[in-house]
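**Student:** show me how the following folds:
(2 chains)
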Amino acid sequence: MQCINVIVMEFRDDVYLGIAGVIVALAAYFALFIAPAEVTMGELVRIFYFHLPPAIITYLSLLVSVSTGLLYIRTKNYKYDALSESGALLGLVYGLITLISGAIWANATWGVYWNWDPRETTTLILWFAYVGYFLLRMSIENPERRASSAAVFNTLAFMTVPLSYLSFILWPSLHPKLGDEAGGLGLTGTMVQALVMNIMGGLFVFGYVLKKTYDRRMKLDEVQSRLMEEM
Amino acid sequence: MPAQVIQVLGLYLVGSIGYIAWVWKANADLDKKLEKE
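**Tutor:** Residues are numbered from 1 along each chain as shown, chains lettered A, B, ... in the order given. I've put the predicted structure just below:
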């Protein structure tokens, strides 16, 4: 019976991933071929459709990570620590994609890959803060101390998320903004549709990878606890 | 289509698919380990 449940769950995961793949493919087609070019940025605006979703996933992953870290402190339930670690790992992966895609876009529009713009700099600080989170985890052997210390560190590291998000409001920045104001992208109806589709596709994939990363961590804990029992 | 658009799309897709492949394999390896024990 348990075997059948596992097969059904795996099948559901595969169907879910298939749906996510179709949405991502349709969204990419829409962004590349249906959405129009922008007045000042021209065809380069299409980078935006593939740069914003990983940025949103980064912030969302880290929000999941910090909130479940706080839940761990409250409940001492390792499932929350596993979810917190999984969120932080995805934050690192999608944060790196955001940083590199941003640098490619910067080179295409400003002529340099990196110019220490407030958004670039604060996002890099965010990324290193979460590298620190994993270095801290790796340095502590005791699982309870590791989970507690990581959750406390996470609450401090998470401060870099609003800092990164609000950076281009707090400091003068060349980073494009949404909307019609000066420096804004001024997206039209079809462009907004392309953007929403790409964000939806990204969020579907995020749901899948978060679950699978959490499953991996729980299985890893199971393997380690069995090893401890044997010793 | 500018090359930079394709580069960013490629990065996003390769990053996501690469991560899915890694986590899928890690889960499969752990399943095998748990089955053996």
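
**Student:** quick check: pLDDT value at residue 13.
**Tutor:** All of this is about chain A. Here the pLDDT value assigned to residue A:13 is 84.

**Student:** chain B, not that one
**Tutor:** Residue B:13 is given a pLDDT of 96.

**Student:** repeat that for residue A:177.
**Tutor:** At residue A:177, the model reports a pLDDT of 69.

**Student:** and what of residue A:72?
**Tutor:** Value for residue A:72, per-residue pLDDT: 97.

**Student:** for chain A, name the helix or strand with the lowest mean pLDDT.
**Tutor:** helix A:2-29 (a mean of 82; mean pLDDT, DSSP states H and E).

**Student:** check which element follows that one along the chain.
**Tutor:** Once the chain leaves helix A:2-29, the next helix or strand it forms, by DSSP states H and E, is helix A:46-75.

**Student:** remind me which helix or strand residue A:191 belongs to.
**Tutor:** Applying DSSP H and E as the criterion places residue A:191 in helix A:189-230.

**Student:** tell me if that helix is near chain B.
**Tutor:** Yes - using Cβ under 8 Å from any Cβ of the partner chain, we find that helix A:189-230 touches chain B at A:205, A:208-209, A:212-213, A:215-216, A:219-220, A:222-223, A:226. Where C-beta positions appear, they are placed from N, C-alpha and C, glycine not excepted.

**Student:** any of the residues you listed buried? List them.
**Tutor:** Listed as buried from the residues of helix A:189-230 next to chain B are A:205, A:208-209, A:212-213, A:215-216, A:219; burial here means 16 or more other Cβ atoms under 10 Å in any protein chain shown.

**Student:** assign residue B:24 to helix, strand or coil.
**Tutor:** helix (DSSP: H, G, I helix; E, B strand; the rest coil).

**Student:** what's near enough to touch it?
**Tutor:** Listed by Cβ atoms under 8 Å, 6 or more residues apart in numbering or on different chains, the contact partners of residue B:24 are residue A:212.

**Student:** where does chain B have low pLDDT?
**Tutor:** Residue ranges of chain B with pLDDT under 70: B:37.

**Student:** show me the strands in it, by range?
**Tutor:** Counting by DSSP state E, chain B has no strands to list.

**Student:** can you pull out the helices in it?
**Tutor:** Listed in chain order, the helices found in chain B under DSSP state H are B:3-36.

**Student:** would you mind listing what in it touches chain A?
**Tutor:** B:1-2, B:4-5, B:7-9, B:11-13, B:15-16, B:19-20, B:23-24, B:26-27, B:30-31, B:33-34, B:37.

**Student:** swap in 10 Å and give it another go.
**Tutor:** B:1-20, B:22-31, B:33-34, B:37 (Cβ under 10 Å from any Cβ of the partner chain).

**Student:** report the buried members of those residues.
**Tutor:** Buried, going by 16+ other Cβ under 10 Å: B:4-5, B:7-9, B:11-12, B:15-16, B:19-20, B:23-24, B:26-27, B:30, out of the residues of chain B next to chain A.

**Student:** and residue B:6, what does it touch?
**Tutor:** Residue B:6 is in contact with A:32, A:46-47, A:50, counting by Cβ atoms under 10 Å, 6 or more residues apart in numbering or on different chains.

**Student:** how near is it to residue A:120?
**Tutor:** Taking Cβ to Cβ, to the nearest Å as the measure, residue B:6 falls 22 Å from residue A:120.

**Student:** next: residue A:39.
**Tutor:** 24 Å.

**Student:** looking at those two, which is more packed in?
**Tutor:** Each of residue A:39 and residue A:120 has its neighbours counted (other Cβ atoms under 10 Å in any protein chain shown); residue A:120 has more, 21 against 10.
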